[in-house]
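> Pasting the sequence and the predicted model now:
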Amino acid sequence: MMDYVKDVNITPKEFEQYVKDWFDSEGINLKSYQSILNNEASTDDGTYEIDIDITYDALGVEFRILVECKKHSNNIKREVLQVLHQKIQSIGAHKGIICSTSDFQSGALEYAKKHGIACIKVTESRFLVQTRSADQQPVSQEYCDFFGLPKISGYINEWETNGIIHCSVVDRTHLEYIEKILKS
């Protein structure tokens with residue numbers, strides 16, 4: 001994608017709520033779905049802060065997903081995923097997801113694939129639209145409004161074994177990828 005896009009013009013709290021709303025929109029189809037914003041999870045080795053703590057029932061088992069929202073100016077490093085992986089293990093969760101306004105370093109994506117952590121880049125939808133103009137500047141929000149694109153979208157980054165990064169768009173009209181994450 002375009003590398004001059006570094007930040008989404010929303011506050012960290014709005015960012016967390018927006019991501020929670022994505023999951024809640026798809027989660028309503030799951031049995032006993034619940035999500036808690038800014039939850040504290042206590043274990044025998046300490047207390048962890050979780051941006052979005054999701055639980056639901058499937059096949060008679062309660063599943064737990066930890067979602068971390070990172071509104072950083074620098075690319076997400078492997079260490080951020082290692083911290084989430086440790087939380088998953090300590091809490092006994094089944095899945096972890098990092099949603100970030102920054103890109104992910106390739107080492108972070110490789111680590112994510114190995115440990116089953118989903119990585120979602122969140123940005124303004126206008127940065128995902130490419131036109132054939134000579135200057136390749138982002139389109140206006142009015143352009144996005146005309147085509148029914150939401151203000152904020154994201155894309156899931158998946159590291160392939162051949163080093164290629166596969167991206168799938170996530171927004172209020174493409175929630176099937178959120179469902180895929182919740183059920184994987």
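Everything's here; your move.
> And the longest helix along the chain, what does it pack against?
Determined from DSSP state H, the single longest helix within the chain is helix 12-27. Packing contacts for helix 12-27, counted by 3 or more Cβ pairs under 8 Å, 6 or more residues apart in numbering; DSSP states H and E, involve strand 31-43, strand 46-58, strand 61-70, strand 117-124, helix 176-183. No exception for glycine: its C-beta is placed from N, CA and C like everyone else's.
> a markdown table for the ones you listed, including mean pLDDT, mean neighbour count and distance to Glu110?
Conversion of the helices and strands packed on helix 12-27 to a markdown table gives the following (pLDDT from 0 to 100; neighbours: other Cβ atoms under 10 Å; distance: least, Cβ to Cβ, whole Å):
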| stretch | mean pLDDT | mean neighbour count | distance to Glu110 |
| --- | --- | --- | --- |
| strand 31-43 | 94 | 13 | 27 |
| strand 46-58 | 94 | 17 | 23 |
| strand 61-70 | 94 | 19 | 18 |
| strand 117-124 | 83 | 23 | 11 |
| helix 176-183 | 59 | 17 | 18 |
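> Determine which of these approaches Ser25 most closely.
helix 176-183 (7.5 Å; Cβ to Cβ).
> which of the residues in the longest helix of the chain are buried?
Neighbour counts over helix 12-27 (16 or more other Cβ atoms under 10 Å) mark 15-16, 18-20, 22-24, 26-27 as buried.
> ok, of the residues you listed, which one's closest to Glu62?
Gly27 (13.6 Å).
> just checking, the closest one touches Lys20?
No. Taking contacts as Cβ atoms under 8 Å, Gly27 lies outside contact range of Lys20: 9.6 Å.
> Overlap of the contact sets of the two?
Ser35 (Cβ atoms under 8 Å, 6 or more residues apart in numbering).
> For the helices and strands packed on helix 12-27, could you give me CSV that also reports distance to Ile88?
Shown next, in CSV, are those (distance: least, Cβ to Cβ, whole Å):
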stretch, distance to Ile88
strand 31-43, 11
strand 46-58, 10
strand 61-70, 6
strand 117-124, 8
helix 176-183, 14
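> And these: which comes nearest Ile10?
That would be strand 117-124 among the helices and strands packed on helix 12-27, by Cβ to Cβ, at 9.1 Å.
> Partner strands of that closest one and their direction?
Looking at strand 117-124 with DSSP bridges, its partner strands are strand 95-100 (parallel), strand 152-159 (antiparallel).
> among those, which gets the worst mean confidence?
Here those differ in mean pLDDT, and the lowest is strand 152-159 at a mean of 62.
> Enumerate every residue touching Ala93.
64-66, 87.
> try it again with 10 Å
With contact taken as Cβ atoms under 10 Å, 6 or more residues apart in numbering, Ala93 is in contact with 41, 48, 50, 53-55, 63-66, 84, 87.
> what separates it from Ser102, distance-wise?
Distance of Ala93 to Ser102, given as Cβ to Cβ, to the nearest Å: 23 Å.
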